[in-house]
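*Asks:* Here is the input, now give the coordinates:
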Amino acid sequence: MICVPTGLKGTVPDVSAVLDTAKMIASKNAERRTFVCVESTVASGTCKQAAKLLQGNFLGHVPHLYWRGDPIKLGVKRERVIGALNQDSMRSALGFYRKVGIPLTQVSALDEAEMTKL
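*Replies:* Residues are numbered from 1 along each chain as shown. Below you'll find the model as predicted:
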């Protein structure tokens, strides 16, 4: 799971932490396919860049906004949108998030999930 800070460098989205983490995961899992999910809020196109770096791993995106002021309604188990690189990635993502009891609204693509938050 990639959940790292993102923000702006001047007026440009800074997603370097997401991409650096994807590179690290790819280098440590070169021989096997692994499910990787980006939970950080990212600019459109970031997950596709990460997918290229992850070299064949399963990739999902479940953007998450945690607000500690109301952890019941806006905490870890709040409803979230989920998008994935392909059907195999979606199956892996749904399996993981359903096991931990997080309610999901499925969208058709990574970039759709990047532009959505519930």
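*Asks:* Quick check: beta-bridge partners of Leu104?
*Replies:* Beta-bridge pairing of Leu104, defined through DSSP bridges, involves Arg80.
*Asks:* and the gap between it and Gly69?
*Replies:* Going from Leu104 to Gly69 by Cβ to Cβ, to the nearest Å gives 23 Å. All C-beta atoms are positioned from the backbone trio N, CA, C, and that covers glycine.
*Asks:* quick one: which of these two has more around it?
*Replies:* Taking other Cβ atoms under 10 Å, Leu104 and Gly69 do not tie; Leu104 has more neighbours (15 against 7).
*Asks:* residues contacting the more buried one?
*Replies:* Applying Cβ atoms under 8 Å, 6 or more residues apart in numbering to Leu104 gives the contacts 62, 79-82, 94, 97-98.
*Asks:* Mind doing that once more with 7 Å?
*Replies:* Contacts were defined as Cβ atoms under 7 Å, 6 or more residues apart in numbering; by that measure Leu104 touches 80, 82, 94, 97.
*Asks:* Look up how far Lys48 lies from it.
*Replies:* Between Leu104 and Lys48 the distance, using Cβ to Cβ, works out to 21 Å.
*Asks:* Excluding sequence neighbours, find me the nearest residue to Ser40.
*Replies:* Leaving aside its chain neighbours, Ser40 sits nearest to Thr6 (4.9 Å; criterion: Cβ to Cβ, 6 or more residues apart in numbering).
*Asks:* what's Lys52 sitting at in phi/psi?
*Replies:* Phi and psi for Lys52, reported as degrees, to the nearest 10, are phi -60, psi -40.
*Asks:* just Leu54 next, same as before
*Replies:* Note on Leu54: its backbone torsions stand at phi -80, psi -10 [degrees, to the nearest 10].
*Asks:* pretty sure it is touching Thr34, no?
*Replies:* No: with contact taken as Cβ atoms under 7 Å, Leu54 and Thr34 are classed as non-touching, separated by 8.2 Å.
*Asks:* Hmm, Ala93 is touching Leu59, no?
*Replies:* No: because the distance of 8.4 Å does not satisfy Cβ under 7 Å, Ala93 is recorded as not touching Leu59.
*Asks:* That's all I had, so thanks and see you.
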